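**Student:** I'll drop the sequence and a predicted model, then ask my questions.
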Amino acid sequence: MNWKDKLDKFMESFEHKADVVGILVCGSFVTGSPSSHSDLDVHIVLDEAVDYRERGNKVVDGLLIEYFANPPRQIRGYFKEDYQTISPMSQTQFATGEIVLDKIGVVAELKDEATRMMALNFDGVESSVNELIKYGIWDMLDDLQDMYENERIDFDLVYYSNLDKLISIYMQQIKQAYNKKTILGHIMSEGVRKKYLLNELPDQHVAKLIQRCIVAECKKDRIDSYEKFTNAVLSLMGGFQIDGFKFKSPVLE
């Protein structure tokens, strides 16, 4: 039994099937290379008149189906929110997904809207930059250098946690989507970029620094690469000097 047969079986028992106007399947089963741990990601588009949304999981003949049931207005709300936060998961899913059912044409409309939004490359979205953010970046490096010099046994935990934050900030600054599960493929593989509709990073020197931060086995190589990556991010944000740092803001009422 293939995934389409299992999806049909699931939809037969779906509690709200009378409200369903469309179905779109996304993820590795339609974009390629599913693994034994892959689930079937399903967007169930409900009639616009419904007043609910639902997310759930169901195992059908060994296949985990993860479903998201929403009316079109809610999906468009996700599109808008994801665009403003430079986290276009919903748009990517619809743009790359396969339409299984479309009773009134709304799934095709949503797919087209998602594709057009992806093509805008977040034009008009402002990336937040202030001295407090830059101080936080400097402070993460300072903490790691202290832990490295003192041979702290929890260095690795803090290193990868800080690296995740730093990559996220960098990707926000260059207005590109960040997913820690795909970032290495984003940097190294044209196939991954094509699969997830990602653009190549604009600075190959920084891309190589990120790659080195992730894959370096030696702690010295990691901390050295992290420092260079930190300096590159701060330079992109206009530079930062710890001497004289101050950040003034209103008192909370």
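**Tutor:** Ah, there it is.

**Student:** Give me the below-cutoff pLDDT ranges for this protein.
**Tutor:** 1 (pLDDT under 70).

**Student:** middle-most residue in it, spatially?
**Tutor:** Compute the mean C-alpha point of the chain, and by CA atoms, centre = their mean the closest residue is N179, 3.7 Å away.

**Student:** How about the backbone phi and psi for V60?
**Tutor:** phi -120, psi 110 (degrees, to the nearest 10).

**Student:** neighbours around it, how many?
**Tutor:** Counted with other CB atoms under 10 Å, residues neighbouring V60 total 18. In this view, the C-beta of every residue, glycine as well, is placed from N, C-alpha and C.

**Student:** mind listing what the closest residue in space to it that isn't next to it in sequence touches?
**Tutor:** With CB to CB, 6 or more residues apart in numbering as the criterion, V60 has its nearest non-adjacent residue at 4.5 Å, and that residue is K6. Counting by CB atoms under 8 Å, 6 or more residues apart in numbering, K6 makes contact with L40, V60, D61, L63, I65.

**Student:** Test my guess that the third one contacts K9.
**Tutor:** Yes - with contact taken as CB atoms under 8 Å, D61 and K9 are classed as touching, separated by 7.2 Å.

**Student:** Looking at these two, which is more packed in?
**Tutor:** Comparing D61 with K9 by neighbour count (other CB under 10 Å), the higher total belongs to K9, at 15 against 10.

**Student:** Stretch 159-176: which residues count as buried?
**Tutor:** Across stretch 159-176, burial judged by 16 or more other CB atoms under 10 Å covers 159, 162-163, 166-176.

**Student:** Repeat that for stretch 193-212.
**Tutor:** 193, 195-198, 201, 206-212.

**Student:** how about those in JSON lines, adding distance to A49 and secondary structure?
**Tutor:** Output for the buried residues of stretch 193-212, formatted as JSON lines (distance: CB to CB, whole Å; DSSP: H, G, I helix; E, B strand; the rest coil):
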{"residue": "R193", "distance to A49": "39", "secondary structure": "helix"}
{"residue": "K195", "distance to A49": "35", "secondary structure": "helix"}
{"residue": "Y196", "distance to A49": "33", "secondary structure": "coil"}
{"residue": "L197", "distance to A49": "32", "secondary structure": "coil"}
{"residue": "L198", "distance to A49": "36", "secondary structure": "coil"}
{"residue": "L201", "distance to A49": "44", "secondary structure": "coil"}
{"residue": "V206", "distance to A49": "48", "secondary structure": "helix"}
{"residue": "A207", "distance to A49": "47", "secondary structure": "helix"}
{"residue": "K208", "distance to A49": "52", "secondary structure": "helix"}
{"residue": "L209", "distance to A49": "51", "secondary structure": "helix"}
{"residue": "I210", "distance to A49": "46", "secondary structure": "helix"}
{"residue": "Q211", "distance to A49": "49", "secondary structure": "helix"}
{"residue": "R212", "distance to A49": "53", "secondary structure": "helix"}
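
**Student:** Of those, which is the nearest to S225?
**Tutor:** Each of the buried residues of stretch 193-212 was checked against S225 using CB to CB; the closest is R212, at 4.2 Å.

**Student:** show me the contacts for that closest one.
**Tutor:** R212 makes contact with D221, R222, S225 under the criterion CB under 8 Å, 6+ apart.
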